[in-house]
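Engineer: sequence first, then the predicted structure:
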Amino acid sequence: MANTIVKAAVKEHLDQMNVSADFYDELDEEVSTLLDDAARRAEDNDRRTVQSRDL
């Protein structure tokens with residue numbers, strides 16, 4: 001699976017916390033699902049542009 005998230009950005013955002021490797025894997029899956037759902041909603045509305053409202 002391709003990495004969707006940027007681990008360094010996640011680590012920077014959670015600067016006061018330790019982050020386990022499996023957290024990144026789960027977060028990447030969640031983000032991928034979110035993106036797939038948004039793309040599906042855009043297609044269902046006959047659009048090829050994903051917009052904030054698709055989230």
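Structural biologist: Great, that's in hand. Keep in mind it's a predicted model, so treat the numbers as computed, not measured.
Engineer: just checking, Arg41 touches Asp54?
Structural biologist: Yes - if you go by Cβ atoms under 8 Å, Arg41 and Asp54 touch, sitting 4.3 Å apart. Just so you know, the C-beta spots here come from the backbone N, C-alpha and C atoms, and that holds for glycine as well.
Engineer: what about the two, which has more around it?
Structural biologist: Neighbour totals were compared for Arg41 and Asp54, and Asp54 leads with 18 against 15 (other Cβ atoms under 10 Å).
Engineer: state the distance from that one to Asp36.
Structural biologist: Asp54 sits 11 Å away from Asp36, going by Cβ to Cβ, to the nearest Å.
Engineer: likewise Asp25?
Structural biologist: 17 Å.
Engineer: just want to know which of the two has more residues nearby.
Structural biologist: Asp25 (13 against 10).
Engineer: and the helix or strand containing Lys11, average pLDDT?
Structural biologist: Element membership for Lys11, per DSSP states H and E: helix 7-13. In this model, helix 7-13 has a mean pLDDT of 94.
Engineer: which residues make contact with it from outside it?
Structural biologist: Val19, Tyr24, Leu27 (Cβ atoms under 8 Å, 6 or more residues apart in numbering).
Engineer: export the residues you listed to CSV and append columns for pLDDT and distance to Thr49.
Structural biologist: Below are these laid out as CSV (pLDDT from 0 to 100; distance: Cβ to Cβ, whole Å):
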residue, pLDDT, distance to Thr49
Val19, 94, 33
Tyr24, 94, 29
Leu27, 96, 25
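Engineer: filter those down to the buried ones, PyMOL style.
Structural biologist: Entered in PyMOL, the line below selects the buried ones among these, by 16 or more other Cβ atoms under 10 Å:
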select buried, resi 24
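Engineer: please name the nearest non-neighbouring residue to Tyr24.
Structural biologist: Spatial nearest neighbour of Tyr24, chain neighbours left out: Lys7 (5.6 Å); criterion: Cβ to Cβ, 6 or more residues apart in numbering.
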